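# Sequence first, predicted model second:
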Amino acid sequence: MAVLMQQELEILKNRLLALSAEVEERVKQAVQALLSADRKLAERVKGGDAQIDNMEIELEEECLKILALHQPVATDLRFIVSVLKINNDLERVADFAVNIADRAIDLSGAIKVDCPYDVETMAELVENLLKMALDSLVERDADMARKTIQLDDDVDRMHRENFAKVKEAIRSSPTSLDGLVYYLSISRYLERMADLATNIAEDVVYQVDGEIIRHGGIQTCP
């Protein structure tokens, strides 16, 4: 029975890594569609969301099956709990990628407005943060996960600065309101992606070290 559970846990890990790779690619495509005003690529991101949803559901069902059949404890239980949480966070990251694709379509149409902040730099930072979180997951690297968590402050700061820049741009050009609001929402989507990547990194620390570090606290689990 123990051997069978370990085999199923390995399958679970591989499914999680496959989902991670798909989500990371969706984020890159959504940002590229925005920066290059590529409507076809944006539509492709939107069209692929059902695949991510199905992968997320299958992964959750696999977790629940292992919990029901094998009743794992200690390290194995921590792993499954982490997979359930990371699975949900990855699906939400993909949803925000779809939101960015939607805004890319809006901004590539009749609305032509220059972004009042450096959206490319912010997107690169968020993509890097997500990559670090997923790499820490693959490599079970708690140190990298902790570094990922620290980077979230930079994204939060950029979002606050972007909010101020968008408000100023609206004052200067009220006729551009719709497009500027779209850019504000894009900044918010990127900021939320960074939050979710941070959640993943926190779950990696929990999985590897048994420490719960959400909400600024540290608690060691058995």
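Cool, got the structure.
# which residues in this structure form strands?
Applying DSSP state E to the chain gives strands spanning 211-212, 219-220.
# residues contacting the closest residue to residue 179 other than its chain neighbours?
In this structure, residue 179 finds its nearest non-sequential neighbour in residue 113, 3.0 Å apart by C-beta to C-beta, 6 or more residues apart in numbering. In short, each C-beta sits where N, CA and C put it, glycine included. Going by C-beta atoms under 8 Å, 6 or more residues apart in numbering, residue 113 touches 107, 176, 178, 179, 180, 182, 183.
# Tell me how far the residue nearest to the spatial centre of the chain lies from residue 48.
Taking C-alpha atoms, centre = their mean, the centroid of the chain lies closest to residue 93, which sits 3.5 Å from it. Counting by C-beta to C-beta, to the nearest Å, the separation of residue 93 from residue 48 is 13 Å.
# taking the mean pLDDT, what do you get for stretch 33-52?
Averaging pLDDT along stretch 33-52 yields 95.
# Quick one: end-to-end length of that stretch, please.
With C-alpha to C-alpha, to the nearest Å as the measure, stretch 33-52 spans 19 Å from end to end.
# List the buried residues for it?
By 16 or more other C-beta atoms under 10 Å, the buried positions in stretch 33-52 come out as 33, 34, 38, 41, 42, 45, 46, 48, 49, 52.
# tell me the helices in the protein, going along the chain?
2-36, 39-47, 49-70, 74-107, 119-139, 142-172, 177-209 (DSSP state H).
# Identify the residues contacting the closest residue to residue 32 other than its chain neighbours.
Nearest-residue entry for residue 32: residue 41, 6.2 Å, with adjacent residues in sequence omitted and distances by C-beta to C-beta, 6+ apart. Under the criterion of C-beta under 8 Å, 6+ apart, the neighbours of residue 41 are 29, 32, 33, 101.
# Give me the below-cutoff pLDDT ranges for this protein.
For the chain, applying pLDDT under 70 flags the ranges 1, 110-111, 214-222.
# give the contact list for the residue nearest to residue 44 when sequence neighbours are not counted.
Nearest-residue entry for residue 44: residue 29, 6.8 Å, with adjacent residues in sequence omitted and distances by C-beta to C-beta, 6+ apart. Listed by C-beta under 8 Å, 6+ apart, the contact partners of residue 29 are 41, 44, 45, 97, 101.
# Now do residue 29 against residue 191, distance only.
Taken as C-beta to C-beta, the span from residue 29 to residue 191 is 19 Å.
# circling back: mind putting the buried residues of stretch 33-52 into JSON lines with distance to residue 4?
Putting the buried residues of stretch 33-52 into JSON lines (distance: C-beta to C-beta, whole Å) gives the following:
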{"residue": "33", "distance to residue 4": "44"}
{"residue": "34", "distance to residue 4": "46"}
{"residue": "38", "distance to residue 4": "47"}
{"residue": "41", "distance to residue 4": "43"}
{"residue": "42", "distance to residue 4": "44"}
{"residue": "45", "distance to residue 4": "38"}
{"residue": "46", "distance to residue 4": "39"}
{"residue": "48", "distance to residue 4": "33"}
{"residue": "49", "distance to residue 4": "34"}
{"residue": "52", "distance to residue 4": "29"}
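# now, among those residues, which is nearest to residue 13?
residue 52 (18.1 Å; C-beta to C-beta).
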